[in-house]
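Asks: I would like to see how this sequence folds:
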Amino acid sequence: MSIAPHLTRLITSQWLRNFKRGIKERQRRRAGQPHKVTVYLRLTDPYSYVLLQVLDQFAARYAVEFEFRTILNLQPEMYPAPELWEKNAFQDGAHLANLYGLDFPDTRPRRDLERDAGLTAQLLHWELQPGYAEHALPLFEAYWQDDQAKLSNLIDSGITEHAECYQHHLTANEVHLRSNGHYLSAMLHYGGEWYWGLDRLAHLECRLNELGLATGTIAEIHFDRGYRDFCRPLPTGPNSGTDAATPITLYWSFRSPYSYIGLVRAKQLATHYQLPLEVKPVLPMVMRRMQVPRTKGFYILTDAKREATQYGIDFGKIADPLGAGVERCYALYEFAVSAGKGLEFLESCARGAWAEGINAATDAGLQVLVERAGLDWQQARWLLTEDGWRIWAQRNLADMYSADLWGVPSLSYRDTKVYGQDRIECIEQAIRYAHKVEEV
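Replies: The predicted structure follows:
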């Protein structure tokens, strides 16, 4: 019997998380330190721009101090498709800005490596004096508005023209980010845990509320607009005036914990709006001869746990399906679809791998996953040597790339395409718009 699922259940448990938080808080008190949130910002990053716009109001609501660290260079091993990632980031930044009523440009500002380095040097210069955010926000605004005149009024040319003098400072910040266990900008680090931009501020709000750090009389959550109204009521019915056969498409991987969460939520969405859900499985990155650095994998695991908890989805007792587990489940997918049980089978497999520690690489484990999905194990077991699935898995991958998507889970509905399970509300908005559903 493998001990790994029990270890992952412990590693991702609320008990261990709270234990670590308690240690961090005791260390802070003994050192006489304030509650400090370290914020990593990148001028050319849309997520950093929208995050910076809300930090002033966030600071007014909580008794915390901010430490700012400016970065510029991405860690290339963490971004398998950097151009597509950047394109999506701009579109996603516009979505977040619209969601929270923030400023955002219609077009991306022109890129100039020398200018970007100089402006980053200016930000680095401001780091070591009071009032970083007050100085940085106008600079970010001018950059994203592509307002050269305003930029010229904000900077000190003696600094921006000598960016090399700030290279060691920049390198120190980028090493600090990496050594503390992360790779993205727009990151907030507090008490040993990471929070990515506006999407994860609600988790930080919850933690600070539990610590009694809210300055108001009521401890509120402000940054939950992306999920609090999921599957809203249907006063006029979901399908008025449109083709109800248009499916929600989900690009999915058995080995992705976010895909597990995305499948559960996409199934809920499809059921709510009485729409078909078409799942297109692809091979995991590692099985496509790509690498997932250990740091990235660990962050994804811990982040997926808190996201699953937020949505009421079991998670944490893990039997990694990499290799034979993935291959055996994919070999049976067409069989499950032909029996009208495709979604049930994938959800059974995903729940088994990510919440129950069921090993799909064994006959005993796979039999459980097959039978509880309503399928006949004796029929299924003879199909395990089939490899035709490799053709459709690669075709699904090509389809995903052709839609300008690069990773899983990704979802599409008509012309709306999004990356990430936490953007499923964009799919819901597209459904409601297409189906002329009145808001309540």
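
Asks: Please count neighbours and contacts with C-alpha atoms only from this point.
Replies: Fine.

Asks: Residue 146 against residue 109, yeah?
Replies: Yes - look at residue 146 against residue 109 with CA atoms under 8 Å: they come within range, at 5.3 Å.

Asks: out of those two, which sits in the more crowded spot?
Replies: More crowded of residue 146 and residue 109, by other CA atoms under 10 Å: residue 146, with 17 against 14.

Asks: who touches the more buried one in this structure?
Replies: 109, 110 (CA atoms under 8 Å, 6 or more residues apart in numbering).

Asks: how does it look with 6 Å?
Replies: residue 109 (CA atoms under 6 Å, 6 or more residues apart in numbering).

Asks: what about it, distance to residue 294?
Replies: Remark: distance between residue 146 and residue 294 (CA to CA, to the nearest Å) = 37 Å.

Asks: Could you do residue 274 as well?
Replies: 40 Å.

Asks: repeat for residue 228
Replies: 32 Å.

Asks: Then residue 417?
Replies: Taking CA to CA as the measure, residue 417 falls 29 Å from residue 294.

Asks: same check, this time on residue 263
Replies: Separation of residue 263 from residue 294 (CA to CA) stands at 25 Å.

Asks: do residue 153 as well
Replies: Applying CA to CA, the value for residue 153 to residue 294 is 43 Å.

Asks: Kindly report the same for residue 91.
Replies: Plainly put, residue 91 is 28 Å away from residue 294 if you go by CA to CA.

Asks: Give me the more crowded residue out of these two.
Replies: Between residue 91 and residue 294, counted using other CA under 10 Å, residue 91 has the larger neighbour count: 15 against 10.

Asks: Distance check, that one against residue 45.
Replies: Taken as CA to CA, the span from residue 91 to residue 45 is 12 Å.

Asks: Quickly list what's touching both of the two.
Replies: Residues touching both residue 91 and residue 45 (CA under 6 Å, 6+ apart): none.

Asks: how long is stretch 377-386 end to end?
Replies: Using CA to CA, the two ends of stretch 377-386 sit 15 Å apart.

Asks: In that stretch, which of the residues would be classed as buried?
Replies: When burial is assessed from 16 or more other CA atoms under 10 Å, stretch 377-386 yields the following buried residues: 377, 380, 381.

Asks: now stretch 140-147
Replies: Across stretch 140-147, burial judged by 16+ other CA under 10 Å covers 140, 141, 142, 143, 144, 145, 146.

Asks: So what's the residue count around residue 216?
Replies: Using other CA under 10 Å, residue 216 has 10 other residues around it.

Asks: Then residue 106?
Replies: 11.

Asks: what does residue 212 give?
Replies: Neighbour tally, residue 212, other CA under 10 Å: 12.

Asks: Let me see the contact set for it.
Replies: Residue 212 neighbours (CA under 6 Å, 6+ apart): none.

Asks: Please tell me how far it sits from residue 221.
Replies: Counting by CA to CA, the gap from residue 212 to residue 221 is 13 Å.

Asks: How much space separates residue 216 from residue 60?
Replies: Counting by CA to CA, the gap from residue 216 to residue 60 is 9 Å.

Asks: Kindly report the same for residue 339.
Replies: Residue 339 is 57 Å from residue 60, by CA to CA.
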